[in-house]
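[1] generate a structure from the sequence data that follows.
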Amino acid sequence: MTLKDDLSSDVRAIFRSAWDERDGDKVPEPEDLGLGNDAVKLQATVLYADLADSTLLVDNYTRKFAAEIYKTFLLCAARIIRGEGGVITAYDGDRIMAVYLGDWKNTNAARTALKINWAVGNIINPAERAQYPNYPYDVKHVVGIDTSDVYVARTGIRRNNDLVWVGRAPNYAAKLATLPENYATYITQAVYDIMKDGSKFAGDGTNMWTPLVWTEFDRSRIYGSTFWWEVT
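    Okay, here's the model as predicted:
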C-alpha cells in the first residue's frame, strides 16, 4: 500500500469509529489513552502564559540573550504554576500551557497569573537589567485564562504522539494570551464569576479586575488586570 492509501484508510477510520469517552478527575498521561477515538472529559480551567513581542526580541538581540529571556520567563511561570496546583501540559516556544482542576481551579489559576506578573516585574527584569545594563529591553508578557468542559484525546502516530485539548477553555485561553500587554492578565466572565474573593480583590478591597469587551468574540465580557501577587 502507498502512503496515500494508508492515510485515506486511517482518516476514514477516525471519522467512522465510535468514541470511547469517560469522565476524569485528573490530568491524564498520554499512555492513559489509546490512539483511537478514546477521550477523557474534564471540567478544567486552562492558563496560557505567553512572552510578548518575542519576534522583536529575536530580531533585535542575540540568540543567547533571547534564549535567556525565554528560559527565565518559562522557569518562573512553570514553578509558579506547579506551586498553585496547576499541571503543565505543553511548552510551545515562548509560552506555556497549564490545566487546573477542582473546586478552586479558577482562583488558583488567577493567582498564578498575578504571581507571574510579580515575578516578571520583581525578579526577571531587575536581574536582566543588572546583567545587561546597556540593553533597552524589558520582559513583557500576557496570561490568558478560561474555564469549560474539555475533551482530552491522544493524537499523532505510534511512538510520536501527545495529548490534544479540545474545548472552549484551551482555545479562548490561548487567544486571550495574544491580546495587547496593556493588561498582564485576561480572564473570561466564566472564570471571574466563580473565583473566590481572595483572587478578585486587593487587601484594601479594590477590585483587581477591569471589565472589558472582547470585540473579536461577539463583544463578550472579559476582565483584565495589571495587579500582581507577591511570590514568597
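[2] just give the closest residue to the residue positioned nearest the centre of the chain, not the sequence neighbours.
    Using C-alpha atoms, centre = their mean, the residue of the chain that lies closest to the mean C-alpha position is residue 48, 1.5 Å off. Ranked by C-beta to C-beta, 6 or more residues apart in numbering and with sequence neighbours excluded, the top spatial neighbour of residue 48 is residue 177, at 4.0 Å. Where C-beta positions appear, they are placed from N, C-alpha and C, glycine not excepted.
[3] I'd say the one you found and residue 142 touch.
    Yes: contact criterion C-beta atoms under 8 Å: residue 177 and residue 142 qualify, at 5.0 Å.
[4] mutual contacts of the two, please.
    Taking C-beta atoms under 8 Å, 6 or more residues apart in numbering as the contact rule, the neighbours common to residue 177 and residue 142 are 49-50, 186.
[5] sorry, back to before: specify the local secondary structure of the residue nearest to the centre of the chain.
    Following DSSP: H, G, I helix; E, B strand; the rest coil, the label given to residue 48 is strand.
[6] tell me the contacts of it?
    95-97, 143-145, 173-174, 176-177.
[7] rerun at 6 Å
    For residue 48, the residues meeting the contact criterion (C-beta atoms under 6 Å, 6 or more residues apart in numbering) are 95, 97, 144, 173-174, 177.
[8] and those, which of them are in helices?
    Residues from the contacts of residue 48 lying in helices, with DSSP state H as the criterion: 173-174.
[9] which one (most neighbours) among the contacts of residue 48?
    Neighbours here are counted as other C-beta atoms under 10 Å. On that basis the top member of these is residue 173, with 30 neighbours.
[10] could you measure that residue against residue 45, distance?
    The spacing between residue 173 and residue 45, counted by C-beta to C-beta, to the nearest Å, is 8 Å.
[11] any weak-confidence spans in this protein?
    Counting by pLDDT under 70, the chain has no low-confidence residues at all.
[12] can you give me the strands for it?
    If you assign secondary structure with DSSP state E, the strands in the chain sit at 20-23, 38-51, 87-92, 95-100, 141-157, 160-166, 185-188, 210-214, 220-225.
[13] with distance to residue 202 added, can I get the ones you listed in CSV?
    Written out in CSV, the entries for the strands of the chain read as follows (distance: least, C-beta to C-beta, whole Å):
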stretch, distance to residue 202
strand 20-23, 37
strand 38-51, 21
strand 87-92, 28
strand 95-100, 22
strand 141-157, 18
strand 160-166, 32
strand 185-188, 14
strand 210-214, 13
strand 220-225, 10
